[in-house]
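Peer 1: Here is the input, now give the coordinates:
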Amino acid sequence: QVQLVESGGGLVQDGGSLRLSCAASGRTFSGYFVGWFRQAPGTEREFVAAISWSSRNKYYADSVKGRLTISRDNAKNTVFLQMNSLKPEDTAVYYCNANSIGGNIYWGQGTQVTVSS
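Peer 2: This next block holds a predicted model:
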């Protein structure tokens with residue numbers, strides 16, 4: 001079993017930056033594919049970014065390309081999402097998602113990001 005805890009959310013002005021962290025406990029992230037999703041009020045949860053175990057492969061939603069960067073530190077069992085040039089439409093609860101090689105899927109509780117105009 002893997003427990004995921006997100007942190008780093010908060011209130012920031014239009015154009016500002018935040019760095020989200022997703023820390024795993026219980027078991028290591030070894031071999032896990034990890035992603036970030038977000039959900040704004042009244043909308044469905046949507047994909048934001050994902051990263052492979054080796055960090056060789058990274059994927060981004062078109063809406064965040066060039067502004068958000070995903071990375072990971074496997075020694076610390078942590079995945080990061082650096083968010084720059086934030087816009088009001090980035091306001092959402094951001095969730096960490098981990099997928100094991102065996103097909104198990106884990107979610108964190110989420111962290112709120114609010115971008116004021």
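Peer 1: In this protein, what residue spans correspond to strands?
Peer 2: Secondary structure of the chain (DSSP state E): strands at 3-7, 10-13, 18-25, 33-39, 46-51, 58-60, 68-73, 78-83, 92-99, 105-107, 111-116.
Peer 1: Turn these into TSV, including mean neighbour count and mean pLDDT.
Peer 2: For every residue, glycine as well, the C-beta is placed using N, CA and C. Converted to TSV, these look like this (neighbours: other Cβ atoms under 10 Å; pLDDT from 0 to 100):
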stretch	mean neighbour count	mean pLDDT
strand 3-7	17	96
strand 10-13	13	98
strand 18-25	19	96
strand 33-39	20	97
strand 46-51	19	98
strand 58-60	15	98
strand 68-73	18	97
strand 78-83	22	97
strand 92-99	21	96
strand 105-107	14	95
strand 111-116	17	98
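Peer 1: ok, now how distant is the residue nearest the centre of the chain from R27?
Peer 2: Centroid check for the chain by Cα atoms, centre = their mean gives W36 as the closest residue, at 3.0 Å. Distance of W36 to R27, computed by Cβ to Cβ, to the nearest Å: 20 Å.
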